[in-house]
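Colleague: attaching a predicted model along with its sequence, questions to come.
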Amino acid sequence: MSRLRWCIGYCLNDKCHSCFKGAFLLNPETEFQFICGDCDVAGYVEHEKHKTTGAGEIYTECRVSFNYNPEERKYRGEAIIRREDIMPELIYKMSSPVVKGESRALKLAEGLLSHLTNGPKIQNGAIIEAHEKTLYWDDPRSLYLINLGKIGKQWENSQKKVKD
Ligand SMILES: [Zn+2]
């Protein structure tokens, strides 16, 4: 039983037809070897990351990096939601290869900031842990895939909930 986070595994083998195509994964550990399902060569994993910077007690800004490009290994966009009514204090930064588009990134940033502003001060990543569920790697593959699908749905729903 492990805590899981979203990540995407990318094949880097330019002779493979899946090169740079992402495989959606849930990752039990920070160090995790992704093997491409098509060419069996070890690839690269981009993890979802969370951190808080700045000083103070209040979150005044949230940044969500989106549109990850595996060839450059960087995010092409960053959505920023900022409170202008108070002096800048804490900044919550999240980057996720799962977040593709600008509008989704902005909604996510808006929802996170709203949640952080209204709720108690949190530790790095704690807000996401509320969305986390547990998967068992030893489950039969069919059961594993069913649970993976359920978690995906919960994650989508929880974002909407945060936004409201
Ligand atoms: Zn491959």
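Modeller: Cool, the structure landed.

Colleague: interface residues of this protein facing the ion?
Modeller: For the chain, the residues in contact with the ion (C-beta under 5 Å from the ion) are 11, 13, 16, 18, 36, 38-39. In this view, the C-beta of every residue, glycine as well, is placed from N, C-alpha and C.

Colleague: can you add distance to residue 104, neighbour count and secondary structure and give these back as a markdown table?
Modeller: Listed next are those as a markdown table, based on distance: C-beta to C-beta, whole Å; neighbours: other C-beta atoms under 10 Å; DSSP: H, G, I helix; E, B strand; the rest coil:
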| residue | distance to residue 104 | neighbour count | secondary structure |
| --- | --- | --- | --- |
| 11 | 25 | 26 | strand |
| 13 | 30 | 16 | coil |
| 16 | 29 | 17 | coil |
| 18 | 24 | 16 | coil |
| 36 | 27 | 19 | coil |
| 38 | 28 | 14 | coil |
| 39 | 31 | 16 | coil |
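
Colleague: which of these lies closest to residue 65?
Modeller: Nearest to residue 65 among the residues of the chain next to the ion: residue 11, at 22.0 Å, using C-beta to C-beta.

Colleague: which residues touch the spatially closest residue to that closest one that is not a sequence neighbour?
Modeller: With C-beta to C-beta, 6 or more residues apart in numbering as the criterion, residue 11 has its nearest non-adjacent residue at 3.8 Å, and that residue is residue 36. Residues in contact with residue 36 (C-beta atoms under 8 Å, 6 or more residues apart in numbering) are 9, 11, 13, 16, 18, 23, 42-43.

Colleague: same check, this time on residue 82
Modeller: Counting by C-beta under 8 Å, 6+ apart, residue 82 makes contact with 60-62, 88.

Colleague: what's the farthest-apart pair in these?
Modeller: Farthest-apart pair in the contacts of residue 82 is 62 and 88; separation 12.1 Å (C-beta to C-beta).

Colleague: higher neighbour count, these two?
Modeller: residue 62 (26 against 14; other C-beta atoms under 10 Å).

Colleague: chain neighbours aside, what residue packs nearest to the more buried one?
Modeller: residue 113 (3.9 Å).

Colleague: please name the residues that touch that neighbour.
Modeller: Residues near residue 113 by C-beta under 8 Å, 6+ apart: 59, 61-62, 81, 83, 92.
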